[in-house]
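*Asks:* I would like the atomic coordinates for the input below:
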Amino acid sequence: MFIDPLVDHSIRASHASGRWPAKSAGNRRLVPACASRANPSSSLVGSGRGSRAAEDVLRLTFAFRTSQMSKPALRRRENHMPVGPISSAAKLVLNLQGKPAGFLSSTSGGEPFAMLSESPLPTGVVSKQIAELGYEPITFEVDLPLEKPLYDWLDTFLNRSQQLTGGSISFVDVSLVERRRLEWDDALITEVTFPAAEATSKDPARLKWVIQPTRTRRVQSSGARTIAPKTKVASIVSNFSFVLAGLEAPTKRVSRIEPLVVRQPVASVEGRLKAGTLEIPAVKLVVPMSAAEPLFDWFDDFVVQGHNAPTYERNGLLSLLDAQLKNVLFGISLQNLGVVRVAELREAAGVGSIERVCAELYCEQMQLSPPTALTSPR
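*Replies:* A predicted model of the protein is given here:
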């Protein structure tokens, strides 16, 4: 039998804190070797102040031993921590064809991956092998208005004339020093989402892009300072105006326009990406019931009465405005619009209800920069 040094240390610490009487032979706990090291729950032997005091010493000893045993592991872990400051990207800078094209709010994708070929075997097992190398689409979001290189690329996309475009996304710190970047070659836009215009929303006006690169690569830090794009004042989605030729009065009271998602599938032909048919979405707008009667009349004439030749189609203009609602920051011309549905929306609001109307219009073309004049049916 011996005096466990951890027990003695625990008693000394307790005595220093005033929780225990002065140390004496009568207060020191004698612990069998097998109890202190192999089985901490064994009973204590020796003179004492009662079983409760003995249990307190045992709990204190066990806690102290556990903490002592964990320190080497913590020290080993600390030895493997990175040395020096850890830098993280503070901004995302987009470059197109070597020109700065704006700061991004988020980005993802671009990773290479293996495409598989599968062959069923007579045994029922499906054999799988690496067929070729592919690259994930790159998704990013950017606030409106757009820098000129990105604006021009979007313009060619909507005009069905986009070309293969190279670029990069630089991850930079607060001093605009590049830490790493993602580069790509020969990409085509496959999808652009225009945000919902909502009269009561404070969300930023932000475009979501999806592009398909032919190949990508990740480049480590160059240590150089990136050329910063121009600083701009971002707008919010409630700062908008919408007008439909011939129906200016009701459409000026539009409270919401659903997101517009324009898509263009691409395919690889002999190692080069080829763009498919541009898909223009329907335009869905919401107006109060008090302003909806002209929309019901248009539906009756265009659909029920059958006056729906191209000469009866209308053009519209969706504009994003500055904070003072005076200057146009970004415009989308919606051409060859025809109504396909006008439906009532009823929502409970206390003892009454909010009556609104949703009109759905087909659209054949979308272009940037508003046209010089809106045209109404002849």
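*Asks:* So which helix or strand of this structure has the lowest pLDDT on average?
*Replies:* Within the chain, no helix or strand scores below helix 33, which has a mean of 42 by mean pLDDT, DSSP states H and E.
*Asks:* For the stretch 101-250 of the chain, just list every one of the helices.
*Replies:* 148-158, 248-251 (DSSP state H, counting those that start in this stretch).
*Asks:* can you list those in a markdown table and add mean neighbour count, distance to residue 342 and mean pLDDT?
*Replies:* In this view, the C-beta of every residue, glycine as well, is placed from N, C-alpha and C. Converted to a markdown table, the helices of the stretch 101-250 of the chain look like this (neighbours: other Cβ atoms under 10 Å; distance: least, Cβ to Cβ, whole Å; pLDDT from 0 to 100):
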| stretch | mean neighbour count | distance to residue 342 | mean pLDDT |
| --- | --- | --- | --- |
| helix 148-158 | 18 | 27 | 95 |
| helix 248-251 | 17 | 11 | 92 |
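*Asks:* Nearest to residue 345 among the ones you listed would be which one?
*Replies:* In terms of Cβ to Cβ, the element of those nearest to residue 345 is helix 248-251, at 15.1 Å.
*Asks:* Now the element after that closest one, going C-ward?
*Replies:* Sequence order places strand 256-257 as the next helix or strand after helix 248-251, per DSSP states H and E.
*Asks:* Quick check: can you name the pairing partners of that following strand and their directions?
*Replies:* Using DSSP bridges, the strands paired with strand 256-257 are strand 197-198 (antiparallel), strand 283-288 (antiparallel).
*Asks:* follow-up on the earlier one: got the helices of the stretch 101-250 of the chain as JSON lines, with distance to residue 226 columns?
*Replies:* Shown next, in JSON lines, are the helices of the stretch 101-250 of the chain (distance: least, Cβ to Cβ, whole Å):
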{"stretch": "helix 148-158", "distance to residue 226": "15"}
{"stretch": "helix 248-251", "distance to residue 226": "43"}
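*Asks:* Residue 210 is nearest to which of those helices?
*Replies:* helix 148-158 (11.2 Å).
*Asks:* Remind me what the closest one packs against, helices and strands.
*Replies:* Judged by 3 or more Cβ pairs under 8 Å, 6 or more residues apart in numbering; DSSP states H and E, helix 148-158 is in contact with strand 91-96, strand 99-104, strand 178-194, strand 352-368.
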